[in-house]
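Student: no FASTA, just this:
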Ligand SMILES: CC(C)=CC(=O)SCCNC(=O)CCNC(=O)[C@H](O)C(C)(C)COP(=O)(O)OP(=O)(O)OC[C@H]1O[C@@H](n2cnc3c(N)ncnc32)[C@H](O)[C@@H]1OP(=O)(O)O
């Protein structure tokens, strides 16, 4: 399937989506978001895909929502069209998804990366929520997700001043899991995604669901939720296979069952 604003490839069991609006630093317009959602729906439905990498260019993961498209929006357009809600699809994608971020990840770009399960950053990555400089505030989850990642003080500073964070600060603050040389970023993200895709898909999906639950509930409820899923895993063929393979000193052959 060919798209106008993204490139979509399959690399073995890994789906790769590359944002591709080079003349606009991958600014996120409604067409691009629709294409990302369509590609994700395809990967969700594809039994052969076990994980996904979402990336941009070396200069920009995405420099935010498309300001030119958004500038003339009225309140009624935004309200009646439920502006931004369809962007959240990434956070509802059920298979593991990694953001590989080089260059700018600003505004909606930073928010899109934070909707993924974790972020690998290139050394030149710069994260920020500069919406305040445009007379608005983050609208795709930035005030909520950034605060959970980096804590109130830093999130508040970034949202109120529009200051950008470099890759090292982002790693220190817990926003990104690792920083890599830019020319190794996508290959490493694909390797990590491949490793995840080699595990049992229902088990990686439940693991993701359980970690995400930590953001939405109390510790006691979260631990109960984890326990229910953990018990359920003993009904899977892949639990039997994984543990038998360990005992028999061989590699497991997971069948996603
Ligand atoms: C999710 C919600 C609700 C909100 C948002 O995301 S609001 C947007 C937040 N993002 C920003 O405010 C960043 C805007 N961009 C910049 O500040 C700069 O482009 C930069 C610092 C990221 C890079 O500066 P640089 O001088 O290297 O490059 P430019 O000449 O400024 O940009 C190249 C080219 O891209 C167009 N561009 C960049 N960002 C956007 C954007 N967010 N929306 C639309 N277009 C964007 C820029 O206009 C230029 O194209 P033209 O030369 O054709 O104007």
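Tutor: Yep, that arrived. It should be emphasised that the depicted structure is a prediction, and the values quoted were computed from it without experimental measurement.

Student: Enumerate the residues of this structure near the ligand.
Tutor: Residues of the chain lying near the ligand by C-beta under 6 Å from any ligand atom: 24-25, 27, 63-68, 84, 104, 106-108, 111, 130-131, 134, 139-140. (C-beta placed from N, C-alpha, C; glycine too.)

Student: can you count the residues close to the residue of the stretch 101-250 of the chain found nearest the ligand?
Tutor: Proximity of the stretch 101-250 of the chain to the ligand (C-beta to the nearest ligand atom) peaks at residue 107, 2.4 Å away. As a burial measure, residue 107 scores 27 neighbours (other C-beta atoms under 10 Å).

Student: Do you know the pLDDT at it?
Tutor: In this prediction, residue 107 carries a pLDDT score of 98.

Student: same deal with the one 5 residues further on?
Tutor: According to the prediction, residue 112 has pLDDT 98.

Student: which residues does it contact?
Tutor: Residues in contact with residue 112 (C-beta atoms under 8 Å, 6 or more residues apart in numbering) are 28, 54, 61, 62, 87, 90, 99, 105, 140.

Student: that's a strand at the third one, yeah?
Tutor: Pointing back at residue 61 there. Yes - counting by DSSP: H, G, I helix; E, B strand; the rest coil, residue 61 is found in a strand.

Student: rewinding a little: buried ones only from the residues of the chain next to the ligand, please, as a ChimeraX command.
Tutor: Restricted to buried positions by 16 or more other C-beta atoms under 10 Å, the ChimeraX selection for these reads:
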select :24,25,27,63,64,65,66,84,104,106,107,108,111,130,131,139,140
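
Student: my read: residue 61 touches residue 109, true?
Tutor: Yes - if you go by C-beta atoms under 8 Å, residue 61 and residue 109 touch, sitting 5.3 Å apart.

Student: Now the residue of the stretch 101-250 of the chain closest to the ligand: closest residue in space that isn't a chain neighbour?
Tutor: residue 64 (2.9 Å; C-beta to C-beta, 6 or more residues apart in numbering).

Student: can you tell me which residues contact residue 26?
Tutor: Residues in contact with residue 26 (C-beta under 8 Å, 6+ apart) are 19, 20, 32, 56, 57, 60, 61, 62, 63, 109.

Student: model confidence over stretch 13-33, on average?
Tutor: In this model, stretch 13-33 has a mean pLDDT of 97.

Student: what do you get for stretch 53-65?
Tutor: pLDDT averaged over stretch 53-65 gives 98.

Student: Could you pull out the buried residues of that stretch?
Tutor: For stretch 53-65, the neighbour count (16+ other C-beta under 10 Å) marks 53, 54, 55, 56, 57, 60, 61, 62, 63, 64, 65 as buried.

Student: Phi, psi for the first one please.
Tutor: It stands for residue 53. Note on residue 53: its backbone torsions stand at phi -110, psi 130 [degrees, to the nearest 10].
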